[in-house]
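J.: predicted model, plus sequence, below.
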Amino acid sequence: MPRYFVDLADLAEARGVDARKFSVGIGQEKMGVPPPDEDVVTMGASAAREALEQVDQDKIDTLMFATESGIDQSKAAAIYVHHLLGLPRNCKSFEIKQACCGSTAALQMALALVAQKPDRKVLIVASDVARYGLNSSGEPTQGAGAVALVISAQPRVMTLDPEWGAYTEDVMDFWRPNYMDEAVVDGKFSIKVYLKALTESWAQYARESGRTFADHDRFCYHLPFTRMGEKAHQQLAKLAGVTEPDMSLLAPGLHYNRIIGNSYTASLYIGLISMLENTAADLSGQRVGLFSYGSGCMAAYFSGVVSAGYRHALRMDRMQTQFETRQALTVAEYETFYQHALPRDGQRYKTPHHTTGPFRLSGMESHKRLYESTVTAAAEPTNIQVAAAG
Ligand code: COA
């Protein structure tokens, strides 16, 4: 996650909105804000670096990068990550897009690749910056973050079930034309389509697996904001004839998203990590139902069983340290970051130092994005004053 965040109580005050609308109505407390030298590549590479700590990199056959905050129309963000991590040259690297569901499309493809070559692994990086307009209704649902998943025939965290339900429909609930930096959203419509896609993909999943609502011990949903996950769970329960569902079966999975914000492709999987790390009971052997939704739209319902010993694969202290060292921005500072733009005329430009992550976007030259590893080139972060260069 980025090093900076805005407290939504401050945003509510600045926008003249009752703070309970954000904390209760949409269920968000804080939103992550990327500084000018952080983007989907640096966040994704940082996540992947940690995910690969205990993995033999020579076994990585494919790197798939899922994002809807792409930095280039042609070149995949995966190639930059491949370089920053020093992955083997034989590792295929490409980008996948279908709004927030791109990471799940990558996951299903990865299962097929691993089934074909069980001695190889697939690295999936899901990284996004959720960006709506300043002062828009979507503004409090912004955020940023990345997740890296290592898919292997010997899973340490979760074994995915083979049955999947899917749903596709051509709708305009959320999109971002090539000439825009912010998403266009029909927010209320997107909630309706999300719930319809949940009903439809669940129906196929239930038919194919023969499982019922009661066969699942825990639930994770795509979380544009945490209240959406609660609405989704209530709907799924209603379909199953359960009038008062046990909301504690999803509550631990909402925690990280509530304080990071939306991270599009990463959101469902940050929710899964949140559930695994914040549930005191041992989840070994428990079946988790997972719903992925990508506006536009494509959705998937699938499930997995938590591996025995999954806690050894988690780094439970890592997220906590990141939360403790994050810095709060004032609304004015957040707006300065928001308005920062990279040059569009090919001029040489150095981004100011802000991120303390292992990689940073150091600047641009001749229309090329330049990245550096900060593990070797340590630099003091500057203050929030940044020039809008574009
Ligand atoms: N105290 C408590 N709750 C309050 C409140 C207050 N003072 N004021 C409003 N609320 C509640 C509303 O009742 C509503 O709850 P409900 O949906 O359960 O009825 C909720 O807060 C949101 O209020 P609403 O008026 O609908 O907000 P909005 O018009 O600003 O839009 C979104 C909300 C989510 C549609 C908007 O943030 C958005 O477009 N987000 C991006 C798109 C998105 O995330 N889509 C989800 C599917 S991918």
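T.: Right, received. Where do you want to start? Here the structure is a predicted model, which means the values were calculated and not measured. Numbering: from 1, shown residues only.
J.: neighbours around the residue of the stretch 251-390 of the chain found nearest the ligand, how many?
T.: Residue of the stretch 251-390 of the chain nearest the ligand, by Cβ to the nearest ligand atom: residue 295 (5.5 Å). Any C-beta I mention is one placed from the backbone N, CA and C, and that applies to glycine too. Residue 295 is flanked by 28 other residues according to other Cβ atoms under 10 Å.
J.: one more: the one 5 residues further on?
T.: Using other Cβ under 10 Å, residue 300 has 26 other residues around it.
J.: residues in contact with residue 239?
T.: Taking Cβ atoms under 8 Å, 6 or more residues apart in numbering as the criterion, residue 239 is in contact with 199, 202, 213.
J.: worst-scoring helix or strand of the protein, pLDDT-wise?
T.: helix 316-325 (a mean of 90; mean pLDDT, DSSP states H and E).
J.: now do that helix: everything it contacts.
T.: In contact with helix 316-325 (Cβ under 8 Å, 6+ apart) are residues 1, 3, 50, 256, 259, 273, 277, 356.
J.: could you measure the fifth one against residue 326, distance?
T.: Noted for residue 259: a distance of 9 Å to residue 326, by Cβ to Cβ, to the nearest Å.
J.: same check on the third one?
T.: Separation of residue 50 from residue 326 (Cβ to Cβ) stands at 17 Å.
J.: so between those two, which is more surrounded?
T.: residue 326 (18 against 12).
J.: pull the contacting residues for that one.
T.: 1-5, 32.
J.: and the pLDDT for it?
T.: On pLDDT, residue 326 comes in at 96.
J.: from the stretch 51-200 of the chain, which residue is nearest to the ligand?
T.: residue 187 (2.1 Å).
J.: phi, psi for that residue please.
T.: phi -60, psi -50 (degrees, to the nearest 10).
J.: excluding chain neighbours, what is closest to the residue of the stretch 1-150 of the chain found nearest the ligand?
T.: Nearest residue of the stretch 1-150 of the chain to the ligand, counting by Cβ to the nearest ligand atom: residue 25, 2.0 Å away. Closest residue to residue 25 apart from its sequence neighbours, by Cβ to Cβ, 6 or more residues apart in numbering: residue 227 at 6.7 Å.
J.: quick one: buried residues of the helix or strand the one you found falls within?
T.: Using DSSP states H and E, residue 227 sits within helix 226-239. For helix 226-239, a neighbour-count test (16 or more other Cβ atoms under 10 Å) marks 226-237 as buried.
J.: the ligand: which of these is nearest?
T.: residue 228 (5.4 Å).
J.: next one: the closest one from residue 235, what distance?
T.: Distance from residue 228 to residue 235, by Cβ to Cβ: 11 Å.
J.: and what of residue 261?
T.: 23 Å.
J.: got the contact list for residue 194?
T.: Residue 194 neighbours (Cβ under 8 Å, 6+ apart): 222, 224, 228, 232, 293, 297, 299.
J.: what's the neighbour count on the second one?
T.: Residue crowding around residue 224 was assessed by other Cβ under 10 Å; the count is 29.
J.: phi first, then psi, for it.
T.: Given degrees, to the nearest 10, the pair of backbone angles that residue 224 has is phi -70, psi -30.
J.: show me the contacts for the closest residue to residue 4 other than its chain neighbours.
T.: The shortest distance from residue 4 to any residue other than its chain neighbours is 4.6 Å, reached at residue 33 (Cβ to Cβ, 6+ apart). By Cβ under 8 Å, 6+ apart, the residues touching residue 33 are 2, 4-6, 142, 144, 329, 334, 337-338.
J.: give me the number of residues near the residue of the stretch 51-200 of the chain closest to the ligand?
T.: Neighbour tally, residue 187, other Cβ under 10 Å: 14.
J.: ok, now residue 28?
T.: 28.
J.: quickly find the element holding it.
T.: Per DSSP H and E, there is no helix or strand for residue 28.
J.: how about the contacts made by residue 191?
T.: 228, 231.
J.: secondary structure element holding it?
T.: Judged by DSSP H and E, residue 191 forms part of helix 187-209.
J.: and the next helix or strand past that helix?
T.: Taking DSSP H and E, what comes next after helix 187-209 is strand 218-221.
J.: can you give me the mean pLDDT across that following strand?
T.: Rounded mean pLDDT across strand 218-221 is 98.
J.: what's that strand in contact with?
T.: By Cβ under 8 Å, 6+ apart, strand 218-221 touches 198, 228-229, 232-233, 236, 249-250, 253, 268, 271-272, 275, 279, 283, 286-291, 293.
J.: now it, how far from the chain's geometric center?
T.: 15 Å (Cα atoms, centre = their mean, to the nearest Å).
J.: repeat that for stretch 83-97.
T.: 19 Å.
J.: what sits against the residue nearest to residue 25?
T.: 24-27.
J.: need the three-state assignment for residue 362.
T.: strand (DSSP: H, G, I helix; E, B strand; the rest coil).
J.: got the residues of the stretch 251-390 of the chain near the ligand?
T.: Within reach of the ligand by Cβ under 6 Å from any ligand atom, the stretch 251-390 of the chain has these residues: 293, 295.
J.: kindly recompute the last result at 8 Å.
T.: Residues of the stretch 251-390 of the chain lying close to the ligand (Cβ under 8 Å from any ligand atom) are 262, 293, 295.
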